[in-house]
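this one's structure only:
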């Protein structure tokens with residue numbers, strides 16, 4: 001029986017997470033692989049809380065350990081990173097300009113007072129934009145709450161850290177053909 005206890009101990013210890021290097025303020029130092037809103041740009045060395053690093057940044061592939069090797073690699077590829085950033089900014093600006101003159105009309109079932117039998121959220125707005133050949137992710141549509149009445153709404157669209165615009169969304173009663 002002593003062998004099983006040792007094996008269990010070894011198994012438990014082998015699954016511990018690796019410790020990340022501590023920063024000056026007690027957090028974890030990471031090198032951003034991609035730009036993260038409200039944190040930093042690609043290639044920046046940032047200090048974050050360990051949970052944010054372990055549970056979000058590293059598993060999503062947004063950051064890596066800020067070792068000297070990784071820092072040298074970023075410095076070496078700064079020009080390439082600048083080109084990638086420039087391309088992303090150009091795409092964001094093109095989308096921003098495209099959204100300036102666009103409004104969306106969404107037909108939904110409503111009662112006689114104008115209250116909807118459901119609600120209009122980000123997925124419906126994204127689908128309506130897709131019908132106009134504009135591609136957005138649902139998390140780029142910033143609603144304070146779901147739209148539950150017929151009317152005109154101004155919805156914030158977050159394109160990137162530099163570009164944010166408003167979209168006119170018309171919520172209209174659906175026409176039922178009988």
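That came in fine, so what should we check first? If you're wondering where the values come from, they're calculated on a predicted model, not measured in any experiment.

Tell me the confidence at residue 69?
For residue 69, the pLDDT comes out at 83.

Provide the secondary structure category for it.
helix (DSSP: H, G, I helix; E, B strand; the rest coil).

what's the answer for residue 87, then?
Here residue 87 is recorded as helix under three-state DSSP.

quick one: the helices in this protein?
Secondary structure of the chain (DSSP state H): helices at 2-14, 50-52, 68-76, 78-100, 122-131.

Can you list the buried residues in the third one?
So the one you mean is helix 68-76. Going by neighbour count (16 or more other Cβ atoms under 10 Å), the buried part of helix 68-76 is 70, 74. All C-beta atoms are positioned from the backbone trio N, CA, C, and that covers glycine.

The longest one too?
Going by neighbour count (16+ other Cβ under 10 Å), the buried part of helix 78-100 is 95, 96, 99.

Turn these into JSON lines, including distance to residue 139.
Output for these, formatted as JSON lines (distance: Cβ to Cβ, whole Å):
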{"residue": "95", "distance to residue 139": "15"}
{"residue": "96", "distance to residue 139": "17"}
{"residue": "99", "distance to residue 139": "16"}
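
what about the nearest residue to residue 111 once chain neighbours are set aside, how many neighbours?
Once flanking residues are discounted, residue 111 sits nearest to residue 117: 7.1 Å by Cβ to Cβ, 6 or more residues apart in numbering. By the criterion of other Cβ atoms under 10 Å, residue 117 has 10 neighbours.

do residue 115 as well
10.

Now do it against residue 66, distance only.
53 Å (Cβ to Cβ, to the nearest Å).

Distance of residue 78 relative to residue 71?
From residue 78 to residue 71 the distance is 11 Å (Cβ to Cβ).

Same check on residue 171?
50 Å.

Please verify my assumption that residue 167 contacts residue 154.
Yes: the pair residue 167 and residue 154 passes the contact test of Cβ atoms under 8 Å, sitting 7.4 Å apart.

So for these two, which residue has more residues nearby?
residue 167 (20 against 8).

Model confidence score at the more buried one, please.
Taking residue 167 on its own, its pLDDT is 92.

Enumerate every residue touching it.
99, 102, 103, 104, 125, 154, 155, 156, 157 (Cβ atoms under 8 Å, 6 or more residues apart in numbering).

one more time with 6 Å, if that's ok
Under the criterion of Cβ atoms under 6 Å, 6 or more residues apart in numbering, the neighbours of residue 167 are 155, 157.
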